[in-house]
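Asks: what follows is a predicted structure for the sequence shown.
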Amino acid sequence: MDYGEGNKIITLCTENAGKVGVLVRGAKKVKSRHAALTQLFTVGEYVFFRNGTGLGTLNSGEINQSHHLLREELFKAAYASYACELLDRVLHDEETGNFWFQQLHACLQALEEDKDPAIIIHLYEMKILQAAGYGPELYSCISCGRELADESFFISPMLGGILCRSCKHLDPPAMSITPRSLKLLRLFTQLDLRRLGQIDVKDETKKELKSIMRAFMDMQLGLNLKSRSFLDQMEKYEM
């Protein structure tokens, strides 16, 4: 965000200091030596001074990865912005650290490497839900506890997991889910973004996953994210 005539305040997700707000003096000036360090999605080493837990002030820095391709391609920028805003809005300063630095880094890297952005983001959303304490129950009925095998599945974003047919009445709007999508959601709960390879998912399955994950994010977190609204507009344009 802009601050004053020539300054910026940036938010850093760091490996060892949590989530930190840092003032970068002169960042908006044409000849600023720090301007590049304030670009979105930049990975680098930042040296800043902070008195207590307040706003820090940048002293110097060095870029490791600029991720300029994410800023240059509109669709990639939309997905990457959503990943960053989601992390910023859901997790508090003290909850971020090495794990979330690595997950965000892996998410941006995967987007830049042209891996399926929808799958990357749904996996990332699942990690966010789990970190916030809203990870869904996907192996047994959320109500009666019965393990579900060869039968019709329903998933309830409101109740936080899958329902058997006998318990479906507890949430009439519960959504049906195909075995393929359920298998992928279970994989998302266990998979680290750093281990994500190429996953080939059919369009109808991706459509189902998007509907389910959107319902979970809305029901459990209830966030109004500008980046998601923009992403929705971009996806409509892409179609």
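Replies: That came in fine, so what should we check first?

Asks: just want the most central residue of the protein.
Replies: Residue closest to the average C-alpha location in the chain (C-alpha atoms, centre = their mean): residue 83, at 3.6 Å.

Asks: and after the longest strand along the chain, which helix or strand comes next?
Replies: Longest strand in the chain, counting residues (DSSP state E): strand 56-65. Next in sequence after strand 56-65, counting helices and strands by DSSP states H and E, comes helix 68-72.

Asks: so which bits of that next one are buried?
Replies: 70-71 (16 or more other C-beta atoms under 10 Å). C-beta: built from backbone N, CA, C; applies to glycine.

Asks: just the C-alpha atoms of it, please, in PDB.
Replies: C-alpha atoms of helix 68-72 as PDB (Å, rounded to 0.1, in the frame of the first residue of the first chain):
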ATOM      1  CA  HIS A  68       8.000 -11.400 -12.800                       C
ATOM      2  CA  LEU A  69       6.100 -13.900 -15.000                       C
ATOM      3  CA  LEU A  70       3.300 -14.000 -12.400                       C
ATOM      4  CA  ARG A  71       3.000 -10.200 -12.700                       C
ATOM      5  CA  GLU A  72       3.100 -10.200 -16.500                       C
END
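
Asks: what's next to that helix, contact-wise?
Replies: Helix 68-72 is touched from outside by 39-41, 76-77, 80, 108, 111-112, with contacts defined as C-beta atoms under 8 Å, 6 or more residues apart in numbering.

Asks: give me the neighbour count for residue 102.
Replies: 15 (other C-beta atoms under 10 Å).

Asks: in this structure it contacts residue 109, no?
Replies: No - between residue 102 and residue 109 there is no contact under C-beta atoms under 8 Å: 10.2 Å.

Asks: which strands and helices lie in contact with the longest strand of the chain?
Replies: strand 19-24, strand 43-49 (3 or more C-beta pairs under 8 Å, 6 or more residues apart in numbering; DSSP states H and E).

Asks: excluding sequence neighbours, find me the nearest residue to the residue nearest to the centre of the chain.
Replies: Computed as C-beta to C-beta, 6 or more residues apart in numbering, the closest residue to residue 83 that is not its neighbour in sequence is residue 107, at 4.9 Å.

Asks: and the helix or strand containing residue 121, how far out from the chain's middle?
Replies: Residue 121 belongs to helix 117-131 when assigned by DSSP H and E. Chain-centre distance of helix 117-131: 6 Å, with C-alpha atoms, centre = their mean, to the nearest Å.

Asks: sorry, back to before: narrow the contacts of helix 68-72 to just the buried residues.
Replies: Applying 16+ other C-beta under 10 Å to the contacts of helix 68-72 flags 39, 41, 76-77, 80, 108, 111-112 as buried.

Asks: perfect, that will be all.
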